[in-house]
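A.B. asks: Sequence first, then the predicted structure:
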Amino acid sequence: MFVEQLKSDTNLHHLETREFSSDCQAHVVGKPEADFFNLALKDMLSGVPACGTLMVGDDVRDYVLGAQKAGLRGALVKTGKYQPGDENRYGNPDYVFENLEEMADFVIQQYNYIESKENLFTDFVIVS
């Protein structure tokens, strides 16, 4: 049913043709599904654990909380789609930043702290 809705909603009329020609059924994923974030991690950098990854987004429900459900740490940035009060509307982000500069400063600070402890830096930032 979701695929049928997706076909009509986004005009993906070629989906059925591709399924037929490849003799397999499409598995459509997107935010906030855990599969979306897990596929992104797998595609971007093999071996980076979800718990060592920070997802940064301006949509608390679909980006931040979706990422958290997949085991990533989620950070809300108060720009773009953000509306006042979003940080408490659907759940609690791990971090809330006023803007991307504040987020970048935080990541650099974390990197410098970890390097000073002579540990391996494993965090990978996804900015959406």
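C.D. replies: Received the coordinates, thanks.

A.B. asks: quick one, helices of the chain?
C.D. replies: Counting by DSSP state H, the chain forms helices over residues 2-10, 14-22, 34-44, 66-69, 86-89, 100-116, given from the N-terminal end onward.

A.B. asks: Can I get the fifth one in CSV? Just the C-alpha atoms.
C.D. replies: So that's helix 86-89. Taking only C-alpha atoms (Å, rounded to 0.1, in the frame of the first residue of the first chain), the coordinates of helix 86-89 have been written out as CSV:
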residue,chain,number,x,y,z
ASP,A,86,10.2,21.7,18.1
GLU,A,87,12.9,20.4,20.5
ASN,A,88,10.1,19.3,22.9
ARG,A,89,7.3,18.6,20.5
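
A.B. asks: quick revisit: tell me which of the helices of the chain sits most buried.
C.D. replies: Among the helices of the chain, judged by mean count of other C-beta atoms under 10 Å, the one packed with the most neighbours on average is helix 66-69 (a mean of 22). Just so you know, the C-beta spots here come from the backbone N, C-alpha and C atoms, and that holds for glycine as well.

A.B. asks: Who are the packing partners of that one?
C.D. replies: On a contact count with 3 or more C-beta pairs under 8 Å, 6 or more residues apart in numbering; DSSP states H and E, helix 66-69 meets helix 34-44, strand 53-57, strand 73-77.

A.B. asks: circling back to that earlier point, pick out the shakiest of the helices of the chain, pLDDT-wise.
C.D. replies: Per-segment mean pLDDT for those reaches its minimum on helix 2-10, at a mean of 49.

A.B. asks: Pull the contacting residues for Lys31.
C.D. replies: Contact partners of Lys31, counting by C-beta atoms under 8 Å, 6 or more residues apart in numbering, are 37, 59, 62-63, 66, 128.

A.B. asks: Let's see that with 10 Å instead.
C.D. replies: Shown here is Lys31, whose contacts under the criterion C-beta atoms under 10 Å, 6 or more residues apart in numbering are 37, 40, 55, 57, 59, 61-67, 70, 128.
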